[in-house]
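**Student:** sharing a model that was predicted from the sequence below.
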Amino acid sequence: MGVKKYPERALRLLRQNPPLWDLYTRKEEYDNRIRDQYDRFPHFASNCRDIFTPHASRYLHDVGHNIDYPDDKTFAVCLTHDIDEAYRSIPFKGLAALGSLRNSDIQGIRSALANMRSKKLPLCNFSEIMDLEECYGGSSTFFFLALEDGDPDHAFNIEDLEGEIGTIINRGWEVGLHGGHDAYNNPEKIREEKKRLEDVLGRPPVGYRNHYLRFRVPETWEYIREAGFKYDTTFGYADCIGFRNGMCHPFIPYNLSKNQSIDLLEIPLAIMDCTFDLYMKLDASQAWEITKQVIDTVEQCHGVMTILWHNTYMRGEQLRMYHKILDYCSGKDAWLTNGAALCNHFMRD
C-alpha cells in the first residue's frame, strides 16, 4: 500500500476496536490528575500494565495492515540523542585531571589538560557518535536545547555550537529541537526556541522532543503542530520503557476533545537510556535482556523502535550497551535511521 496510507488507515481500523482505540488515544490521560514532579503522566498510574506488548500495532499487523521499508528491511530503528549538556565545568575537568594524576595515567593527564583549554570537550562528542553509527550503516537525530540564559537547565548557548551543528548536517544526520522544561505547555516557548535553533540551522527543524519527556495529551501535540513541526518523538514514559499507547509504529495523534486527528506524525519513544538505572533500577544484564525483548517484539510487528541515548551516556557500560543495541539490530538487518527519514517515509504518497 502507499506508505502515507498506513497511519491514515490505522486510525480507521483502530476506531472499530473500542478498547484499542481508548489505548491508542490515551483516553485515560484526559483530565487525569495523577502527575509526577515534572507534570508527566507516569506508567505506574496507567491501567495498561502490559507495557512491553504493542497491542495496537500487533492488532494492525495481525489484520494484514503492514508497512514496507527501504531495501526490504523488516523493521526500523529510529536513533536519537538529546543534547542537554555540551560543556564540562572547570571543576569537573579539574577532578578528571587529578584522577589521572593519581593513577599515573600520562595519556589521561594530557587529555585532561587539553580539555581544560576547551569549554566544549569532551561532551561535544557528536562526531564520535556519528562515526559509530556510520559503522553500522545508520544515522540519527540530535535534539538540541535552544534555551535563553536564565531558563531552567540552560547549559550552553546554541549559537556557540554552530560549527558542530553544521558538521552534523553536512554528514547527513538530522538536528531537531529539544524543547525546554516549559515548552510542552507553552506554545510561545516552542516557537521562540524553534526560531533560535532555526537561525543556527539556516532552515526550520522538522523534528521535536521535549526536555524530560514532559508532555500533555493532547495539548502538546497541538502546540507542536501549530509551531510547524512535522513530527514529534517525545511520546514515551520516563519511568518505564515500552509502548505507551500500544503502538510501535509512527502514528497520527487524535484529539478526543475536538474529535479530530492532529496533522502531525508521532514517532513513539520505546527506550530511554536513563530509564533503566534511574527509574527501573536495573543492572546492565537485566537492561539488556529487556531491550532484546523489545527489539524482537518490534521486529515481529514490522514496526519502528525509537531509542533515546544521551551524549552524556556515551561512556563506560552505557556506551557498551549502545554498541550492543546497534550490533543486535544491524544483525537483524534493521533500517537504522533518523526521525526525518522515517517521517518522510511514512508521510509520502
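**Tutor:** It's in.

**Student:** can you give me the strands for this protein?
**Tutor:** In the chain, strands defined by DSSP state E lie at 76-83, 141-144, 174-179, 207-210, 231-232, 254-255, 260-261, 265-266, 269-272, 304-308, 335-337, listed in chain order.

**Student:** looking at these, spot the one closest to residue 347.
**Tutor:** Closest approach to residue 347 among the strands of the chain (Cβ to Cβ): strand 265-266, 5.9 Å. Where C-beta positions appear, they are placed from N, C-alpha and C, glycine not excepted.

**Student:** pLDDT averaged over that closest one - what is it?
**Tutor:** Throughout strand 265-266, pLDDT has a mean value of 96.

**Student:** residues in contact with that strand?
**Tutor:** 7, 221, 230-233, 235, 250-253, 343, 346-347 (Cβ atoms under 8 Å, 6 or more residues apart in numbering).

**Student:** same thing with stretch 161-173?
**Tutor:** So stretch 161-173 is contacted by 86, 120, 124, 126-127, 130, 139-142, 144, 158, 174-175, 200-201, 338 (Cβ under 8 Å, 6+ apart).

**Student:** tabulate the contacts of strand 265-266 (TSV), appending neighbour count.
**Tutor:** What follows is those, written out as TSV (neighbours: other Cβ atoms under 10 Å):
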residue	neighbour count
7	20
221	24
230	19
231	25
232	28
233	26
235	24
250	26
251	27
252	18
253	25
343	23
346	22
347	18
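
**Student:** I'd like these as TSV, with distance to residue 41 appended.
**Tutor:** Converted to TSV, the contacts of strand 265-266 look like this (distance: Cβ to Cβ, whole Å):
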residue	distance to residue 41
7	23
221	14
230	24
231	21
232	16
233	17
235	11
250	21
251	18
252	20
253	15
343	25
346	25
347	27
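
**Student:** as a markdown table, these with pLDDT would be great.
**Tutor:** Shown next, in a markdown table, are those (pLDDT from 0 to 100):
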| residue | pLDDT |
| --- | --- |
| 7 | 86 |
| 221 | 98 |
| 230 | 97 |
| 231 | 98 |
| 232 | 98 |
| 233 | 98 |
| 235 | 98 |
| 250 | 96 |
| 251 | 96 |
| 252 | 96 |
| 253 | 97 |
| 343 | 96 |
| 346 | 91 |
| 347 | 85 |
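
**Student:** from those residues, which is closest to residue 268?
**Tutor:** Nearest member of the contacts of strand 265-266 to residue 268, counting by Cβ to Cβ, is residue 235, at 4.9 Å.

**Student:** what residue lies at the spatial centre of this structure?
**Tutor:** Geometric centre of the chain, nearest residue: residue 308, 4.3 Å, by Cα atoms, centre = their mean.

**Student:** now which of the contacts of stretch 161-173 would you call buried?
**Tutor:** For the contacts of stretch 161-173, a burial check counting by 16 or more other Cβ atoms under 10 Å picks out 86, 120, 124, 126, 130, 139-142, 144, 158, 174-175, 200-201, 338.

**Student:** ok, residue 204 - contacts?
**Tutor:** 194, 198, 228.

**Student:** ok, residue 187 next?
**Tutor:** 223, 226, 227 are the contacts of residue 187 under Cβ under 8 Å, 6+ apart.

**Student:** pick the one among those closest to residue 270.
**Tutor:** For these, the nearest to residue 270 is residue 223 (23.2 Å; Cβ to Cβ).

**Student:** PyMOL command for the buried members of the contacts of residue 187?
**Tutor:** Here is the PyMOL command that selects only those of these that count as buried (16+ other Cβ under 10 Å):
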select buried, resi 223+227
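
**Student:** what about the contacts of residue 187, which are in helices?
**Tutor:** Among the contacts of residue 187, the members falling in helices are 223, 226 (criterion: DSSP state H).

**Student:** out of the contacts of residue 187, flag the one nearest to residue 282.
**Tutor:** Closest to residue 282, out of all of the contacts of residue 187 and judged by Cβ to Cβ, is residue 223, at 33.3 Å.

**Student:** ok, back up a step: ok, the residue nearest to the centre of the chain touching residue 79?
**Tutor:** No - applying Cβ atoms under 8 Å as the test, residue 308 and residue 79 come out as separate, 9.0 Å apart.

**Student:** for the stretch 101-250 of the chain, what spans make up the helices?
**Tutor:** All helices of the stretch 101-250 of the chain, identified by DSSP state H, counting those that start in this stretch, fall at 106-116, 126-135, 162-170, 187-201, 219-226.

**Student:** most tightly surrounded among those helices?
**Tutor:** helix 219-226 (a mean of 21; mean count of other Cβ atoms under 10 Å).

**Student:** contacts for it?
**Tutor:** Residues contacting helix 219-226 (Cβ under 8 Å, 6+ apart): 183-187, 190, 208, 210, 214, 232, 234, 253, 255, 262-264, 266.

**Student:** kindly report the same for stretch 331-345.
**Tutor:** Residues contacting stretch 331-345 (Cβ under 8 Å, 6+ apart): 3, 69-71, 73-80, 133, 136-141, 173-174, 176, 206-207, 230-231, 233, 250, 265, 267, 295, 299, 304, 306, 326, 329-330.
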